[in-house]
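In: I need the structure of the sequence given here:
(4 chains)
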Protein chains: 2
Amino acid sequence: MSRTPGRASALQPALPPTLADVAERAGVSRQTVSNAVNNPDLLRADTLTRVQEAIAELGYTPNRAARNLRTRSSQLIGLRFTPVQEGTANATMDRFVHSLVETTREAGYHVLLFAGDAVDPVAGYQDLLSSTAVDAFVVTDTYLGNPQATWLEERRAPFVAFGRPWEHPEARHPWVDVDGAAGTELATNHLLGRGHRRIAWIGWRKDSWIGEDRRSGWLRAMHARHLSTTGLASRVEDTVASGREASSVLLDEAQPTAFVCASDTLAMGVLQTLDERGLRAGRDVAVVGFDDSQVAQVVPRGLTSVRQPLEEVAVHIVKALEGLLTTPAVVGPGVLLAPTLALRGST
Amino acid sequence: MSRTPGRASALQPALPPTLADVAERAGVSRQTVSNAVNNPDLLRADTLTRVQEAIAELGYTPNRAARNLRTRSSQLIGLRFTPVQEGTANATMDRFVHSLVETTREAGYHVLLFAGDAVDPVAGYQDLLSSTAVDAFVVTDTYLGNPQATWLEERRAPFVAFGRPWEHPEARHPWVDVDGAAGTELATNHLLGRGHRRIAWIGWRKDSWIGEDRRSGWLRAMHARHLSTTGLASRVEDTVASGREASSVLLDEAQPTAFVCASDTLAMGVLQTLDERGLRAGRDVAVVGFDDSQVAQVVPRGLTSVRQPLEEVAVHIVKALEGLLTTPAVVGPGVLLAPTLALRGST
DNA sequence: TGGTGGGGTTGGAACGATCAAGACGATCCC
DNA sequence: GGGATCGTCTTGATCGTTCCAACCCCACCA
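Out: Got it, this is the predicted structure:
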């Protein structure tokens, strides 16, 4: 082939070998090499080893772009990456991304990150989808009234959501979520087991589905023991300051001995109140957070927190993705996973 | 074209339009459409608008795979994603990744994440490089004796490092780093300005280049004031427990009034010691951390911490990448950026 | 002997874009 | 007036892979 001399040139960086190079070396056709890579069992044993030797000698790796073009797939999963919010203890994304990268790798995929557009929530998806840059998406920000999910669904774009379609129970896309109510129920029962009876709740505003879900777990556990919850609940913004204020008010007006919070951020607000009043977390007042962030892990004496099984979430998401991409017709039901409780000094 | 009937089929999901479709619609050749997209100024004004109309009507977007194949570039930047370590306050990656995603987007690139192999640190790079899946890498884990960097350099693979080539000052690749010494010097001077004189250092083991660099900033600031540092320094593992122990010993043996730490993780250990001894951070003893993690931001009364300008780092990295990918010959010198100090209640 | 069947292999034609070179007409300049 | 130049657009080839249909060869059986 006329490629060889160009490759021999010392100035040009060597072009990687192609299928044709391997085929020539092994004395077979291109297609046979392709089969050796993708369907080895189609070849006779001796041909296969000969081709594999040629591949090894040349250090051949299939060119992705060419393969993508021909197969109409990129082996890439798109994920809109939202950073941690400064000043909060919100830490889900980082752990989740890692789990997803790890799991997709085992399935032969890679993760493509893209940034969100402040104005148009769909912009990033639009671009990647129409240029066929990714095979599918993982949508994580479903709590924003998920225009992305409906938009993607309309376009029949393959995607799996991390988060239930709260507002659209009729949605027909696969999703994986963590049972927040089960988490707070776990936390509340843990506190009940430690003898607490007046357990307060600090959660998010009523328009947050996730917040209401988590709240319901606390409510369920309390009612199961026939304990009153009146005056023990508070709904605020997800900031440390709000948690501080809410806990301060609750301590004054309802004298709780324990707090269950919708997030580690709010729990840190509680710890701050305790700190100000000279109360010891875990000894005088118990506190449980949600998300098992780094903050919960390293704060003095530690913060007990509900931990989402993000590794498991990633596994189910990838499983669903593989299903979507092989047999697009089948859409299984959503998957709901149970969180665990990371016990630390605050309870 | 024979494609049209297939596209009209109701069962098949519509194939996206191609260059040829647009060309036919606009009554021009394929190449002209290509030029309209990539070199609009080559076209006559009226032709351009006609083609653009056709593009808009059909909703055409160039197919990435085809473009990648032809141009031998993927517009993807590979980044090995290492997750936060559980139990630490190490938070650089998340913020950095976000900055990088944002900045690369503006430059027309996307970020491709891949997982590290525990055994072979080069495996992920190898795979992506030889399959021409990415145009370049951003290497962040240069502190590990960076076999990746040397490996990539040998292969003439384009990459930019976040982190200096400490062990290989002769390295000829572009890098961007944050001046850790300047950061700790800033922190120490801040404490000196507040009247502290006995300022202790808690850092990492001697084999950490980054650790020694940060230590040198503290040393420099102290020596500039002719203050003794004997007995005031400690080198330990980067864990909360180590920080706790080290600060406890230092308090007993050297009576410091302030601590400068190589990380927020160590600083949290100091806070824990203070908490145990009934001392108030910021009032009785001052503490400064490094990285401005979420932990520093939400811990009660806050932790003063050195903040790396990661957005700026990303900008310089992308700039270097663009340089590499357009004119591979030129390799500018490394870029060293100055961190800032985030002031909070602990000082 | 000759048809049948099937595993193993082959060559040509896509996939959808860009590159390189050339065609065409209009303009310019000597 | 003729050749060179420029701006604009077209044509054919090419990137490296996989799909498709046909092919070869040999075993099997009538």
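In: so A:Phe137 bridges to which residues?
Out: Beta-bridge partners recorded for A:Phe137 (DSSP bridges): A:Gly78, A:Phe159.
In: is it true that it touches A:Ile77?
Out: Yes. The criterion here is Cβ atoms under 8 Å, and A:Phe137 meets it with A:Ile77 at 7.0 Å. (Each C-beta comes from the backbone N, C-alpha and C, glycine too.)
In: Give me the helices and strands touching whatever helix or strand A:Glu153 lives in, please.
Out: Taking DSSP states H and E as the criterion, A:Glu153 maps to helix A:147-154. Contacts defined by 3 or more Cβ pairs under 8 Å, 6 or more residues apart in numbering or on different chains; DSSP states H and E place helix A:147-154 against helix A:123-130, strand A:136-139, strand A:159-162.
In: which residues sit against that helix?
Out: With Cβ atoms under 8 Å, 6 or more residues apart in numbering or on different chains as the test, helix A:147-154 has contacts from A:80, A:121-122, A:125, A:129, A:137, A:139, A:141-142, A:159, A:161, A:165, A:168, A:171-173.
In: rerun at 7 Å
Out: Residues from elsewhere that reach helix A:147-154 (Cβ atoms under 7 Å, 6 or more residues apart in numbering or on different chains): A:121-122, A:125, A:137, A:139, A:142, A:159, A:161, A:165, A:168, A:171-173.
In: Please point out which parts of it sit buried.
Out: Across helix A:147-154, burial judged by 16 or more other Cβ atoms under 10 Å in any protein chain shown covers A:148-153.
In: cool, and stretch A:100-118?
Out: Within stretch A:100-118, the residues scored as buried using 16+ other Cβ under 10 Å are A:100-105, A:109-116.
In: What is the end-to-end distance of that stretch?
Out: Stretch A:100-118 stretches 24 Å from its first residue to its last (Cα to Cα, to the nearest Å).
In: is any part of it close to DNA strand D?
Out: No. Stretch A:100-118 is not in contact with DNA strand D by Cβ under 7 Å from any atom of the strand; minimum separation 12.3 Å.
In: what about that stretch, distance to the chain center?
Out: The chain centroid and the centroid of stretch A:100-118 are separated by 10 Å under Cα atoms, centre = their mean, to the nearest Å.
In: Show me what that stretch is in contact with.
Out: By Cβ under 7 Å, 6+ apart, stretch A:100-118 touches A:75-82, A:123-124, A:128, A:133-134, A:138, A:314-315, A:317-318, A:322, B:81, B:101-102, B:105, B:110-115.
In: just to revisit the earlier point, return the member of the buried residues of helix A:147-154 nearest to DNA strand C.
Out: Using Cβ to the nearest atom of the strand, A:Leu152 comes nearest to DNA strand C of the buried residues of helix A:147-154, at 20.8 Å.
In: quick one: the closest one from A:Thr239, how far?
Out: Noted for A:Leu152: a distance of 31 Å to A:Thr239, by Cβ to Cβ, to the nearest Å.
In: number of nearby residues for A:Ala246?
Out: The tally of other residues near A:Ala246 (other Cβ atoms under 10 Å in any protein chain shown) stands at 25.
In: now it: how far from A:Gly269?
Out: Distance from A:Ala246 to A:Gly269, by Cβ to Cβ: 7 Å.
In: So which residues on the stretch 1-150 of chain A come close to chain B?
Out: Neighbours of chain B within the stretch 1-150 of chain A, by Cβ under 7 Å from any Cβ of the partner chain: A:13, A:16, A:59, A:61-66, A:68-69, A:74, A:81, A:83-84, A:86-89, A:91, A:94-95, A:97-98, A:101-102, A:105, A:110-115, A:130-133.
In: still on that earlier bit, out of the contacts of stretch A:100-118, which are inside strands?
Out: Cross-referencing the contacts of stretch A:100-118 against strands under DSSP state E gives A:76-80, A:138, B:110-114.
In: Contact partners for A:Arg344?
Out: Neighbouring residues of A:Arg344 by Cβ under 7 Å, 6+ apart: A:296, A:302-304.
In: hmm, try it at 6 Å
Out: A:302-304 (Cβ atoms under 6 Å, 6 or more residues apart in numbering or on different chains).
In: Highest neighbour count among these?
Out: When neighbours are counted by other Cβ under 10 Å, A:Leu303 leads the contacts of A:Arg344 with 29 neighbours.
In: closest to B:Thr265 out of the helices and strands packed on helix A:147-154?
Out: strand A:159-162 (28.4 Å; Cβ to Cβ).
In: how distant is that closest one from the center of its chain?
Out: Its chain's C-alpha centre and that of strand A:159-162 lie 9 Å apart, by Cα atoms, centre = their mean.
In: Equivalent analysis for stretch A:220-228, please.
Out: 32 Å.
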